[in-house]
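**Student:** A structural model of the following input is requested.
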Amino acid sequence: MDLAAKFVEGLSYADFLTKYGNADQQSRWSSFHAAVKLKVSQVELLKSFTREMKVFCLAGAWCGDCVNQCPIFDHFAQAAPAIKLRFFDRDAHPDLGEKLSVCGGARVPVVLFVSEDNFQVGMYGDRTLSKYRALVADIVDGPSCPTGIVLPGASQVDGVVQDWLNEFERVQWILRTSGRLRKLHND
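**Tutor:** The predicted structure follows:
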């Protein structure tokens, strides 16, 4: 897959929701977006990012897991100019969905991290460790799939935000310490 060409096909956060989300879905995403509050230390960390990182987010406006995670990425991108974030609808981009399958399935959200010169750096999704821990703890109640109608508790939101931030930070440090990129930037 030509990652440079594919990235151009992606949409901004707002454009993705406008194109793929109905009024109810847009409202759910907006409610969760308003519930996410980054800590000062998290914003400072994001502002310290210097290497451009292209972030492909495979998502579905209809997906409860996306409702409860994708707005976090928008907050990160707003705080860090180095983060170039684009959203892709899973059903409209089956080629990307196939590349980003998780455990053999077309899951969302899944994030692909790519260097400024279009090399894959990492992939993360569909849920974070904090979310999976909560699901495992609730497993005795039977299978569940979040709808995005009811917002998760603040401690779970904080845990998921931090899990995602850890991954964004890990990728940033991979990019920052890359010998190839250090030579390119003469640093």
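**Student:** Which parts of this structure are helices?
**Tutor:** 3-9, 13-20, 23-35, 40-47, 64-67, 70-79, 94-99, 129-138, 154-177, 179-185 (DSSP state H).
**Student:** Mean neighbour count, those helices: which tops it?
**Tutor:** Highest mean neighbour count of the helices of the chain: helix 64-67, a mean of 24 (counted as mean count of other CB atoms under 10 Å). Heads up, the C-betas are built off the backbone N, CA and C, glycines and all.
**Student:** Quick one: distance of that one to the chain centre.
**Tutor:** 11 Å (CA atoms, centre = their mean, to the nearest Å).
**Student:** how about that helix as PDB, C-alpha atoms only?
**Tutor:** Taking C-alpha atoms only, helix 64-67 is exported to PDB below (Å, rounded to 0.1, in the frame of the first residue of the first chain):
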ATOM      1  CA  GLY A  64     -19.300   2.700  20.400                       C
ATOM      2  CA  ASP A  65     -15.500   2.000  20.900                       C
ATOM      3  CA  CYS A  66     -14.800   4.700  18.400                       C
ATOM      4  CA  VAL A  67     -17.100   7.100  20.200                       C
END
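**Student:** who does it touch, helix- and strand-wise?
**Tutor:** If contacts are counted by 3 or more CB pairs under 8 Å, 6 or more residues apart in numbering; DSSP states H and E, helix 64-67 sits against helix 23-35.
**Student:** 10 Å instead?
**Tutor:** Secondary-structure packing of helix 64-67 (3 or more CB pairs under 10 Å, 6 or more residues apart in numbering; DSSP states H and E): helix 23-35, strand 53-59.
**Student:** Now tabulate the ones you listed in a markdown table and tack on distance to residue 132 and mean pLDDT.
**Tutor:** Output for the helices and strands packed on helix 64-67, formatted as a markdown table (distance: least, CB to CB, whole Å; pLDDT from 0 to 100):
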| stretch | distance to residue 132 | mean pLDDT |
| --- | --- | --- |
| helix 23-35 | 19 | 97 |
| strand 53-59 | 18 | 98 |
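**Student:** Is it possible to get these out as TSV so that each row also shows distance to residue 127?
**Tutor:** Output for the helices and strands packed on helix 64-67, formatted as TSV (distance: least, CB to CB, whole Å):
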stretch	distance to residue 127
helix 23-35	15
strand 53-59	13
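**Student:** Listing request: residues of the protein with sub-threshold pLDDT.
**Tutor:** 140-154 (pLDDT under 70).
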